[in-house]
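[1] Pasted the sequence and its predicted model underneath.
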Amino acid sequence: MPDKQAAAAIASGLEGIEAGTTSVCSVEQGQLLYRGYEIHDLAEHATFEEVAHLLLVGHKPSTSELAAFKRELAPLRNVPEWILDVVRRVAPKSHPMDALRTGVSLLSHIDPDVADNSLAANLRKAKRLLAAIPTVIGAGQRAIDGKATVAPDPSLGHAANLLYVMTGERPSDLIARAMDVSLILYAEHEFNASTFTCRTIAGTLSDMHSAVCGGIGALKGPLHGGANEAAMEMLKEVGTLENVRAFMDNAFATKRKIMGFGHRVYKNGDHRAPILREWGLKLTKERPQFRKWFDIGDAVQKIMLDEKKIHPNVDFPCGLTYFTMGIPVPQYTPIFVASRITGWCAHIMEQHADNRLIRPLSVYTGPAKRSWNG
Ligand code: SDX
């Protein structure tokens with residue numbers, strides 16, 4: 001028993017355990033690769049649609065394949081009114097992640113392939129989900145704002161359309177590209193908690209929509225995707241540059257977690273964080289009133305690095321960047337979903353294509369055998 005308990009302690013949170021194989025993404029050897037393409041390369045040269053194709057279809061699209069992919073996705077953005085109506089009803093009183101989870105669940109009821117786990121059907125479902133999720137997010141946000149739903153614009157890319165259906169305004173090229181890059185950075189990250197959840201659900205031979213609902217539930221938590229919202233809420237609580245020192249001293253004294261910092265895999269920094277910080281800073285050139293929040297963030301970051309040797313993860317600059325775009329904070333994690341849906345679906349397809357039930361063991365720590373009648 002002591003040996004077993006020691007083993008369980010070593011694997012606490014499954015840290016360091018290789019729990020399966022994947023050809024979708026690698027975080028080995030100090031690099032983040034999507035199907036072999038390095039994340040800086042993708043953030044600089046690719047668009048989100050190209051990355052989505054890479055992840056879902058399995059290869060970098062040719063010019064004609066990309067055009068066909070976009071043509072196929074555009075009409076799939078339309079979501080039946082009865083589904084949007086439910087989303088509009090629940091959105092004003094719910095967290096947007098809950099409304100989105102409900103929306104995705106409802107989408108399963110109109111998907112003709114819902115119970116078909118073949119590769120072809122899964123790819124069709126993945127495209128429908130990718131295209132429809134911004135529409136669901138947009139309808140929810142517009143209901144929260146007390147405004148009419150905005151129909152998706154087929155002429156806009158995924159990132160620009162996502163902003164358009166939320167705000168009713170077409171974003172500038174700079175904002176659209178900043179959002180596009182953030183979606184590229186968020187698209188995939190091997191066996192993170194939500195993707196592993198999706199794979200576990202898919203591993204029972206359950207369907208893609210069920211797995212994605214589970215993924216949304218896992219991503220919502222503040223230790224995972226919910227950190228982008230929590231990081232910005234925390235910075236708002238800090239409020240001023242002058243308050244940073246006192247805030248951090250109090251956080252350290254009370255063992256409060258600094259949201260948007262730390263990572264299970266990256267101990268020397270998250271590859272994605274500096275890329276997104278640069279994009280956020282670019283936005284502040286046009287919106288200088290938001291620069292103050294980056295200064296506060298930098299001061300928090302310096303103290304975390306100097307005193308705890310803990311780096312920011314992608315969610316920290318994401319909070320700042322989306323705040324600078326004027327997006328309501330509770331929508332940050334749903335936007336993560338609008339991107340990670342590609343990674344989740346790629347993993348669900350990979351799991352279904354070569355499935356074995358995911359069912360580990362536990363180390364029992366309860367009472368020894370005893371009799372019910374004493
Ligand atoms: C994402 O895995 C992925 O790929 C996820 C993700 C993706 O793309 O899918 O990258 C997206 O989820 C990013 C992570 C977002 N979460 C946060 O920002 C929440 C704040 N960070 C943490 O609570 C924490 O760092 C985790 C959850 C991210 C990682 O947790 P671990 O690996 O279990 O690490 P830990 O909590 O055991 O921390 C180790 C030490 C502890 O100190 P000691 O007890 O050893 O003295 O580091 C400290 C922790 O207290 N620490 C922090 C801290 N993060 C770690 N201390 C203060 N603030 C923090 N943020």
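    Now that the structure is in, tell me what you want to look at. As the structure is a computational prediction, the values presented were derived from the model and not from experiment.

[2] switch to C-alpha atoms for all contacts and neighbour counts from now on
    Noted.

[3] what residues are up against the nearest residue to A52 once chain neighbours are set aside?
    The shortest distance from A52 to any non-neighbouring residue, by C-alpha to C-alpha, 6 or more residues apart in numbering, is to T342 (5.8 Å). Counting by C-alpha atoms under 8 Å, 6 or more residues apart in numbering, T342 makes contact with 52, 55-56, 126, 130, 187-188.

[4] at 7 Å instead, please
    Counting by C-alpha atoms under 7 Å, 6 or more residues apart in numbering, T342 touches 52, 55-56, 130, 187.

[5] And it, how close does it get to the ligand?
    As judged by C-alpha to the nearest ligand atom, to the nearest Å, T342 and the ligand stand 12 Å apart.

[6] Find me the pLDDT at that residue, would you?
    Note on T342: pLDDT of 99.

[7] Ok, A9 next?
    Looking at A9, the pLDDT reads 66.

[8] got it, and the one 4 residues further on?
    You'll see G13 listed with a pLDDT of 94.

[9] host element of the residue nearest to A52?
    Assigned by DSSP states H and E, T342 belongs to helix 332-353.

[10] how distant is that helix from the center of its chain?
    How far helix 332-353 lies from its chain's middle: 8 Å, per C-alpha atoms, centre = their mean, to the nearest Å.

[11] Next: stretch 302-314.
    When distances are taken as C-alpha atoms, centre = their mean, stretch 302-314 is centred 22 Å away from the chain's centroid.

[12] Need the CA coordinates for it. PDB is fine.
    Provided in PDB are the C-alpha atoms of stretch 302-314 (Å, rounded to 0.1, in the frame of the first residue of the first chain):
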ATOM      1  CA  LYS A 302       7.500  41.200 -13.100                       C
ATOM      2  CA  ILE A 303       6.700  40.400  -9.500                       C
ATOM      3  CA  MET A 304       5.500  36.800 -10.400                       C
ATOM      4  CA  LEU A 305       8.800  36.200 -12.400                       C
ATOM      5  CA  ASP A 306      11.100  37.800  -9.900                       C
ATOM      6  CA  GLU A 307       9.600  36.400  -6.700                       C
ATOM      7  CA  LYS A 308       7.900  33.100  -7.800                       C
ATOM      8  CA  LYS A 309       9.600  32.300 -11.100                       C
ATOM      9  CA  ILE A 310       6.100  31.700 -12.600                       C
ATOM     10  CA  HIS A 311       5.400  32.900 -16.100                       C
ATOM     11  CA  PRO A 312       2.100  34.100 -17.700                       C
ATOM     12  CA  ASN A 313       0.200  31.600 -19.800                       C
ATOM     13  CA  VAL A 314      -1.800  32.500 -22.900                       C
END
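
[13] buried sites along it?
    Burial within stretch 302-314, assessed by neighbour count using 16 or more other C-alpha atoms under 10 Å, is assigned to 303-304, 310-314.

[14] mind listing the helices for the stretch 201-350 of the chain?
    208-220, 227-238, 244-253, 272-286, 291-303, 315-325, 332-353 (DSSP state H, counting those that start in this stretch).

[15] For the third one, buried residues please.
    The neighbour-count criterion (16+ other C-alpha under 10 Å) identifies 244, 247-248 as the buried residues of helix 244-253.

[16] how about L156, secondary structure?
    Three-state assignment for L156 (DSSP: H, G, I helix; E, B strand; the rest coil): coil.

[17] Now the element after the host helix or strand of V87, going C-ward?
    Using DSSP H and E, V87 falls within helix 81-90. Using DSSP H and E, the helix or strand that follows helix 81-90 towards the C-terminus is helix 96-108.

[18] Tell me the helices and strands packed up against that following helix.
    helix 81-90, helix 119-144, helix 208-220, helix 332-353 (3 or more C-alpha pairs under 7 Å, 6 or more residues apart in numbering; DSSP states H and E).

[19] Buried deepest among the ones you listed, which one?
    helix 332-353 (a mean of 25; mean count of other C-alpha atoms under 10 Å).

[20] how about that one as PDB, C-alpha atoms only?
    Below are the C-alpha coordinates for helix 332-353, written out as PDB (Å, rounded to 0.1, in the frame of the first residue of the first chain):
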ATOM      1  CA  TYR A 332     -13.700  35.400 -23.300                       C
ATOM      2  CA  THR A 333     -14.000  31.700 -22.600                       C
ATOM      3  CA  PRO A 334     -16.800  31.200 -25.200                       C
ATOM      4  CA  ILE A 335     -14.400  32.800 -27.700                       C
ATOM      5  CA  PHE A 336     -11.800  30.200 -26.700                       C
ATOM      6  CA  VAL A 337     -14.500  27.600 -27.600                       C
ATOM      7  CA  ALA A 338     -15.000  29.200 -31.000                       C
ATOM      8  CA  SER A 339     -11.300  28.300 -31.600                       C
ATOM      9  CA  ARG A 340     -10.700  25.100 -29.600                       C
ATOM     10  CA  ILE A 341     -13.700  23.400 -31.200                       C
ATOM     11  CA  THR A 342     -11.200  22.700 -34.000                       C
ATOM     12  CA  GLY A 343      -8.700  20.900 -31.700                       C
ATOM     13  CA  TRP A 344     -11.400  19.100 -29.800                       C
ATOM     14  CA  CYS A 345     -13.000  17.800 -33.000                       C
ATOM     15  CA  ALA A 346      -9.600  16.700 -34.400                       C
ATOM     16  CA  HIS A 347      -9.000  14.700 -31.300                       C
ATOM     17  CA  ILE A 348     -12.500  13.200 -31.300                       C
ATOM     18  CA  MET A 349     -12.000  12.100 -34.900                       C
ATOM     19  CA  GLU A 350      -8.600  10.700 -34.000                       C
ATOM     20  CA  GLN A 351     -10.100   8.900 -31.000                       C
ATOM     21  CA  HIS A 352     -12.900   7.400 -33.000                       C
ATOM     22  CA  ALA A 353     -10.600   6.300 -35.800                       C
END
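
[21] Fine, thanks again, bye for now.
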